[in-house]
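Asker: Generate a structure from the sequence data that follows.
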Amino acid sequence: MKLYIPERLLLLGMLPKEGDYAALKELRRGKEILAFTPQESQDYEIVQHEGGRITWNADGNSYMADLPLSLWLTTVVQEELRKLNKEKKLTERELSLYEKFIVAYDQV
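Answerer: Numbers count the residues shown, from 1 in each chain. Have a look, this model is predicted:
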């Protein structure tokens, strides 16, 4: 799935923090896939500041990586986005993820 830098950061924050053994293995793999490579960090000057804020250079705004997300991870994200939508807690930050994970999947 093609994702921009802010989408990857948002997904990392949406992932569950606990689960059974199999879920934790999938979560670890998903985090590794969503994490920025050393080359990406260098090319787009991705920096985590004190307090957790993350910044990147202007070139990073148009950078999109094609990441091989597992079916399990995709399903977890879809469930969370559907839950937020149903509870009317979806924000503008999640809009592009909702379109990619829900709208685009429903059209296939």
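Asker: now stretch 73-87, how far from the chain's geometric center?
Answerer: Mean C-alpha position of stretch 73-87 versus that of the full chain (CA atoms, centre = their mean, to the nearest Å) differs by 12 Å.
Asker: show me what contacts Val47?
Answerer: 41, 54-56 (CB atoms under 8 Å, 6 or more residues apart in numbering). (Each C-beta comes from the backbone N, C-alpha and C, glycine too.)
Asker: Who wins on neighbours among these?
Answerer: Trp56 (19 neighbours; other CB atoms under 10 Å).
Asker: isn't that residue right up against Tyr44?
Answerer: Yes. Here Trp56 lies in contact with Tyr44, judged by CB atoms under 8 Å, at a distance of 4.6 Å.
Asker: quick one: which helix or strand includes Ser96?
Answerer: Here Ser96, judged by DSSP states H and E, is contained in helix 95-98.
Asker: Now secondary structure and distance to Asn85 too, for the contacts of Val47, in TSV please.
Answerer: Listed next are the contacts of Val47 as TSV, based on DSSP: H, G, I helix; E, B strand; the rest coil; distance: CB to CB, whole Å:
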residue	secondary structure	distance to Asn85
Ser41	helix	32
Ile54	strand	26
Thr55	strand	29
Trp56	coil	28
